[in-house]
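from the sequence below, what's the structure:
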Amino acid sequence: MAKIKATDLGTQPIGKLLIRQAVPASIGILVMSLNILVDTIFVGNWIGSIAIAAINVVLPVSFFIAALGMSIGVGGSSIISRALGADNREKALKTFGNQITLTLLFTSTLAVFGLAYVDSIIPAFGGKGAIFEPAKIYYTIVLYGVPFLALSMMGNTVIRAEGKPKFAMYAMMIPSVGNLILDYVFINVLDFGMQGAAWATTGSYVLCLGFIIWFFFSKHSELKINLSHFRLQKNIISEIGSLGFVTLARQAVVSITYLFMNNILFNLGGETSVTAYAIVGRMLMFALFPVYGITQGFLPIAGYNYGALAYSRVRETINTAIKYAVILATMVFVLLMVFPEFITRLFTHDAEVIKQTPSAMRWVFAATPIIAVQLIGAAYFQAIGKATPALLLTLTRQGFFFIPLIFILPEFYGELGVWMSFPIADVLSTLVTAYFLHREVKLKLVSESN
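Just a heads-up that it's a prediction; the model follows:
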């Protein structure tokens, strides 16, 4: 693959450029998702179905802390992409330095807080009954590695903002492969159980950060910062915060959703229902990897060309990204509608879980073909630095629609109402996003380019 420069984002054909950006991102997300998927399969088969539920309880807590790194990364990367597009390299360097400082401060503080209140946090997120002990073991060890993960997620978005998707892909692949190897050694060979699963995960975070540090010290990175760039600057922090808050709010809502879902499902169906949700949740992370890859590839292209005032290229990027993502999402939809039971059996031999999960999976993915519009639409506003609409559109699916639905529908339909909430929220949020995206394109990208 030829070396990609930041200026290529403003000159190459959009279709070719989007593929070149999205394919490495998709591969990276695929490998990372496969890591989570296979990790869950290993845990389910080598430890037991309760262990799957235990990990599902821990994920929203550790991911929320790690999402601070992602939010700082995405917020700062939007600034970096537009700064590079406007040929303002010094602002890009200062932004990157501030991202590192903020990530270290926030995630380390929250990790310490999370460890101090472990006995209260685990039950609050659904770690009750037989789930509590394995969840506590996993949570305690994984939280030691969360600051490494946060720095890795932040650094990965900056690598992509530089126009280096190949290296961003490597940064996602290395820890994924490492985790699977460590899983096999710690769980299957050394029989460390939940401790082995947790140490394998933490070790993979350290591997990822090691690669990202190497990248920024190598000749491949255009961002060569010095100590002065680490000094926090109010205007940069404010801009990172306003844009990054979109990602953080999204992950916060995801974590809150896990909290509600685990508790609601535990009350309706016990450990079996929580395990079913854990399996479906893994498929939500895994199956949509090509759509998420298109979204990740879309961000730097839209941000760079918006910063360069190339509005016709921004419009073309939006249309092309939506078209590609809809096609891929439809293919995912067909596969999941046809093979849900086969997929469930990969995770567990528990007869009750196998009986319940396929129906839930079909409901959860029922509206998959249209979600591309919602993802690309929300990502567009984030890419161009419009924090408020990006935040509101990001929160529409889970915050404004899904969470109210999982409280209302179960009153009428029981556990089925929980699963029905997924496609209804998808349809409603897509309609809202489509309206605002169309209006923005008409008022800004069309009128100002004429």
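
contacts, neighbours, all on C-alpha from now
OK.

in the stretch 301-450 of the chain, which spans are helices?
Along the stretch 301-450 of the chain, the segments classed as helices by DSSP state H, counting those that start in this stretch run 311-338, 340-347, 351-364, 371-383, 387-395, 403-408, 410-413, 415-440.

to residue 55, which of these lies closest?
Between residue 55 and these, the shortest gap by Cα to Cα is with helix 340-347, which sits at 13.3 Å.

go through that closest one and flag the buried ones.
In terms of neighbour count (16 or more other Cα atoms under 10 Å), helix 340-347 has its buried residues at 340-341, 343-347.

can you list those in TSV and add distance to residue 391 and pLDDT?
Shown next, in TSV, are those (distance: Cα to Cα, whole Å; pLDDT from 0 to 100):
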residue	distance to residue 391	pLDDT
340	33	90
341	36	90
343	34	86
344	34	88
345	38	88
346	37	83
347	35	82
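
make CSV out of the residues you listed and add distance to residue 221.
Below are the buried residues of helix 340-347 laid out as CSV (distance: Cα to Cα, whole Å):
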residue, distance to residue 221
340, 43
341, 45
343, 40
344, 42
345, 44
346, 41
347, 40
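
shaky segments in the protein?
1-8, 11, 28-29, 31-36, 246, 444-450 (pLDDT under 70).

mind naming the longest helix for it?
Scanning the chain for the helix with the most residues, using DSSP state H, yields helix 234-287.

just the angle between that helix and helix 351-364, please?
Interaxial angle, helix 234-287 versus helix 351-364 (axes from the mean of the first three to the mean of the last three Cα atoms, to 10 degrees): 120 degrees.

tilt between helix 234-287 and helix 371-383?
160 degrees.

heads up, I number from 191, so please use that
With 191 as the first residue, the last one maps to helix 424-477.

quick one: the helix or strand containing residue 255 to helix 530-537, angle?
Under the criterion of DSSP states H and E, residue 255 resides in helix 239-275. Between helix 239-275 and helix 530-537, the angle comes out at 100 degrees (the same axes, to 10 degrees).

was I right about residue 272 contacting residue 493?
Yes. Using Cα atoms under 8 Å, residue 272 is in contact with residue 493, at 5.6 Å.

what do these two both touch?
Shared contacts of residue 272 and residue 493, defined by Cα atoms under 8 Å, 6 or more residues apart in numbering, comprise residue 574.

between the two, who's got more neighbours?
Neighbour count, other Cα atoms under 10 Å: between residue 272 and residue 493, residue 493 has more, with 31 against 27.

so the more buried one touches residue 574, yeah?
Yes. Look at residue 493 against residue 574 with Cα under 8 Å: they come within range, at 5.2 Å.

so what sits against both of these two?
Joint contacts of residue 493 and residue 574 (Cα under 8 Å, 6+ apart) are 268, 272.

what sits against residue 536?
Contacts for residue 536 (Cα under 8 Å, 6+ apart) come out as residue 231.

correction: the previous question concerned residue 333.
Contacts of residue 333 (Cα under 8 Å, 6+ apart): 252, 301, 304-305.

quickly find the element holding it.
Here residue 333 is covered by helix 322-351, with elements defined by DSSP H and E.

count the neighbours of residue 611 for me.
Neighbours around residue 611, by other Cα under 10 Å: 23.

quick one on the thing from earlier: of the contacts of residue 333, buried ones?
Buried among the contacts of residue 333 (16+ other Cα under 10 Å): 252, 301, 304.

dump the residue contacts of the last one.
In this structure, residue 304 makes contact with 311, 333, judged by Cα under 8 Å, 6+ apart.

which SSE is it in?
Using DSSP H and E, residue 304 sits within helix 279-306.

you'd agree residue 362 is up against residue 398?
Yes. Taking contacts as Cα under 8 Å, residue 362 lies within contact range of residue 398: 7.1 Å.

just the closest of the buried ones among the contacts of residue 333 to residue 564, please.
After measuring the buried ones among the contacts of residue 333 against residue 564 - Cα to Cα - the closest member comes out as residue 252, at 25.8 Å.

would you turn the buried ones among the contacts of residue 333 into TSV with distance to residue 340?
Compiled in TSV, those are given as follows (distance: Cα to Cα, whole Å):
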residue	distance to residue 340
252	10
301	11
304	15
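
may I see the buried residues of the helix or strand residue 384 falls within?
Residue 384 belongs to helix 383-407 when elements are defined using DSSP H and E. By 16+ other Cα under 10 Å, the buried positions in helix 383-407 come out as 383-402, 405-406.

for that helix, packing partners?
helix 322-351, helix 355-373 (3 or more Cα pairs under 8 Å, 6 or more residues apart in numbering; DSSP states H and E).

looking at these, which is nearest to residue 415?
Here helix 322-351 is closest among the helices and strands packed on helix 383-407 (Cα to Cα), at 12.8 Å.

quick check: angle from that closest one to helix 279-306?
Interaxial angle, helix 322-351 versus helix 279-306 (the same axes, to 10 degrees): 180 degrees.

from the chain's centre, how far out does helix 322-351 sit?
12 Å (Cα atoms, centre = their mean, to the nearest Å).

ok, stretch 424-431 next?
22 Å.

same question, stretch 476-488
Computed by Cα atoms, centre = their mean, the separation of stretch 476-488 from the middle of its chain amounts to 10 Å.

flag every buried residue along that stretch.
476-488.

what does stretch 300-309 give?
Using 16+ other Cα under 10 Å as the test for burial, stretch 300-309 gives 300-301, 304.

likewise stretch 258-266?
Going by 16+ other Cα under 10 Å, stretch 258-266 has these buried residues: 258-266.

repeat for stretch 357-372
357-370, 372.

before we move on, back to that, can you redo the helices and strands packed on helix 383-407 as JSON lines with distance to residue 439?
Listed next are these as JSON lines, based on distance: least, Cα to Cα, whole Å:
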{"stretch": "helix 322-351", "distance to residue 439": "16"}
{"stretch": "helix 355-373", "distance to residue 439": "23"}
